[in-house]
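Enquirer: Generate a structure from the sequence data that follows.
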Amino acid sequence: MKPLEGVVLALQQVWAHKLKSAFTLLGVVIGVTFLIAVITIVEGMNRYVKEDVAGSLFGVNTFTVVRRNRVQTGTQSVQERRRAARNPDLTLHEVEIVREAVPDYWLLSYYQDRYGLEARRGDNRYRRVRLIGGSPDHSELQGWDIERGRGLTTLDENRGLRNAVIGSSVAERLFPDGDPVGGEIRLGPHRFRVIGVFEEQGGLFGSIRDAAVLVPFSTYRQNFSQSRNDVDAISVKMRTEEEFEAARLSVEAALRTDRALRPGEPNTFHFETSDDILDTWRSISRILFMAVPGLVAISLVVGGIVIMNIMLMSVAGRVKEIGIRKAIGARKRDILLQFLAEASTLSLLGAAIGILLGIGLGYLADAIFPVPAAVPAWALAVALTLGLLVGVASGIYPAWKAAAQDPIVALRSE
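Expert: Below you'll find the predicted structure:
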């Protein structure tokens, strides 16, 4: 028997026994659906983190000096956590130390921020905005493009003007029917004039930025800050990767000298780069990918057992057909291939349905939640290969049993 004939016969059997075939495919469908859905979401997150998040939060060739590590990439002892908690705050004095350590920087920014402040305009309110008091280069260093109006300037900073650049979500909520630029909003008890609107970021982390309001650092310090000389972070962007590493080392040496740290003493500050968030995400995705095979294997084993049982029932119900085929010249190999083809076709069909459902679930999650989805070609190949292997493994015994039937006994069966 040609393999194609076996596949055609298998499809005819599926069509002739639709309900039985549906239950037969269920285990494989569930296993492959789960596999593809998880891979689709994790792969989408991989690309999103690598291409958008890391670059957006930290920037290319950019390092950020903070008081303590905000992106944990591994286990930390109690002593390390306590030591980090005792690190002194960063100050405007240290902004100047950093500026002097890398005079050839491309962009340099510093900021303070707070979450949970309410922005108001008349009866329109936006609760829980992220208010950022940033230096003039902050939005450019972060890669936040201005859609309308303008960004902050040195004049805004030097004069402590109550000007604000607002995120797209804030603009839509507070100015539903008009242009925000030139309008006024209230932040706490203070009035601010809107001078610009950030371009919509979207996505998992972009939605946080869309709910941000940026004001001059000097204005924030005067109206909202309890520690007027402190800064939450100092970011430096260099033009090339070679300059980036040299600048980071220069800043580290300058800050250690300013803080009178002896050789061998740990830093009382921390550097954040895009590698931090990439390392964190790699750890998370590695755990997910390690857990997936075990869960998928359970479903596929169950699916394989169901296929084997159904095929054994099929062999028992088609004994006379097997006898007739053998009587007109079918060899053991033909019968074996026929039933293996049926089992493999059933399993592959289940894998194909699982792939479609898994992709659908992944993109449904993308539509409902800000979770990106992407389907790598290797995942489809793995799913179909698993489907084929399950079909062959579960069909070997029923096919062998069918091929071993005595034609005379088979013809006499009812």
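Enquirer: How many residues are close by the nearest residue to Gly183 once chain neighbours are set aside?
Expert: Distances taken as C-beta to C-beta, 6 or more residues apart in numbering place Val194 nearest to Gly183, at 5.0 Å, with adjacent residues excluded. C-beta coordinates here come from the backbone N, C-alpha and C atoms, glycine included. When neighbours are defined as other C-beta atoms under 10 Å, Val194 has 24 of them.
Enquirer: roughly how far apart are Val194 and Arg114?
Expert: Distance of Val194 to Arg114, given as C-beta to C-beta, to the nearest Å: 19 Å.
Enquirer: Check Glu157 too.
Expert: Computed with C-beta to C-beta, the distance linking Glu157 and Arg114 is 19 Å.
Enquirer: Have a look at the two and say which one is more surrounded.
Expert: Shown here are Glu157 and Arg114; by other C-beta under 10 Å, Glu157 has more neighbours (20 against 15).
Enquirer: element containing that one?
Expert: In the assignment (DSSP states H and E), Glu157 maps to helix 154-159.
Enquirer: And the next helix or strand after that helix, what does it pack against?
Expert: Counting by DSSP H and E, the next helix or strand C-terminal to helix 154-159 is strand 163-166. For strand 163-166, the contact count by 3 or more C-beta pairs under 8 Å, 6 or more residues apart in numbering; DSSP states H and E identifies strand 184-187, strand 190-198, strand 212-216 as packing neighbours.
Enquirer: average pLDDT across strand 163-166?
Expert: The average pLDDT for strand 163-166 rounds to 96.
Enquirer: sec struct for Thr64, please.
Expert: strand (DSSP: H, G, I helix; E, B strand; the rest coil).
Enquirer: any idea of the pLDDT on it?
Expert: Note on Thr64: pLDDT of 91.
Enquirer: And for it, the neighbour number?
Expert: Thr64 has 23 neighbours, counted by other C-beta under 10 Å.
Enquirer: Buried residues in the helix or strand where Ala393 lies, which are they?
Expert: Ala393 is part of helix 377-403 when elements are defined by DSSP H and E. By neighbour count on 16 or more other C-beta atoms under 10 Å, the buried set for helix 377-403 is 379-380, 382-384, 386-387, 390-396, 398-399, 401-403.
Enquirer: again with stretch 156-169
Expert: Residues 156-157, 160-169 are the ones in stretch 156-169 that count as buried (16+ other C-beta under 10 Å).
Enquirer: same thing with stretch 229-249?
Expert: Under the neighbour-count criterion of 16+ other C-beta under 10 Å, stretch 229-249 has 230-238, 243-244, 247-248 buried.
Enquirer: Closest to Val302 out of those?
Expert: Ala233 (51.1 Å; C-beta to C-beta).
Enquirer: ok, that closest one - contacts?
Expert: The contact partners of Ala233, taken as C-beta atoms under 8 Å, 6 or more residues apart in numbering, are 64-66, 90, 110-111, 272.
Enquirer: what stretches of the stretch 301-414 of the chain score poorly on pLDDT?
Expert: Flagging of the stretch 301-414 of the chain using pLDDT under 70 yields the residue ranges 314, 316-323, 325-330, 369-371, 405-414.
Enquirer: Centre-most residue in this protein?
Expert: Nearest to the geometric centre of the chain sits Met45, at 2.0 Å (C-alpha atoms, centre = their mean).
Enquirer: pretty sure it contacts Arg282?
Expert: No: using C-beta atoms under 8 Å, Met45 is not in contact with Arg282; the gap is 11.1 Å.
Enquirer: Is it correct that Tyr111 falls within a strand?
Expert: Yes: counting by three-state DSSP, Tyr111 is found in a strand.
Enquirer: How about the contacts made by it?
Expert: 132-135, 138, 217, 231-233.
Enquirer: Can you flag which of these belong to strands?
Expert: Members of those lying in strands (criterion: DSSP state E): 132-134, 231, 233.
Enquirer: which one among these gets closest to Leu357?
Expert: Nearest member of the ones in strands among the contacts of Tyr111 to Leu357, counting by C-beta to C-beta, is Ile132, at 42.6 Å.
Enquirer: so where do the helices sit in the stretch 1-150 of the chain?
Expert: Taking DSSP state H, counting those that start in this stretch as the criterion, the stretch 1-150 of the chain carries its helices at 3-16, 18-48, 54-57, 78-85, 92-101, 138-142.
Enquirer: JSON lines please, covering the ones you listed and showing mean pLDDT and distance to Leu340.
Expert: As requested, the helices of the stretch 1-150 of the chain are exported to JSON lines (pLDDT from 0 to 100; distance: least, C-beta to C-beta, whole Å):
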{"stretch": "helix 3-16", "mean pLDDT": "68", "distance to Leu340": "7"}
{"stretch": "helix 18-48", "mean pLDDT": "77", "distance to Leu340": "15"}
{"stretch": "helix 54-57", "mean pLDDT": "53", "distance to Leu340": "48"}
{"stretch": "helix 78-85", "mean pLDDT": "78", "distance to Leu340": "59"}
{"stretch": "helix 92-101", "mean pLDDT": "95", "distance to Leu340": "69"}
{"stretch": "helix 138-142", "mean pLDDT": "90", "distance to Leu340": "59"}
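Enquirer: Kindly reformat these as CSV containing distance to Pro266.
Expert: Output for the helices of the stretch 1-150 of the chain, formatted as CSV (distance: least, C-beta to C-beta, whole Å):
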stretch, distance to Pro266
helix 3-16, 66
helix 18-48, 32
helix 54-57, 25
helix 78-85, 7
helix 92-101, 17
helix 138-142, 27
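Enquirer: what's the closest of those to Arg125?
Expert: Between Arg125 and the helices of the stretch 1-150 of the chain, the shortest gap by C-beta to C-beta is with helix 138-142, which sits at 24.1 Å.
Enquirer: How about residues contacting that closest one?
Expert: Contacts for helix 138-142 (C-beta under 8 Å, 6+ apart): 56, 59, 62, 107-111, 132, 146, 151-152, 165, 198, 214, 235, 237.
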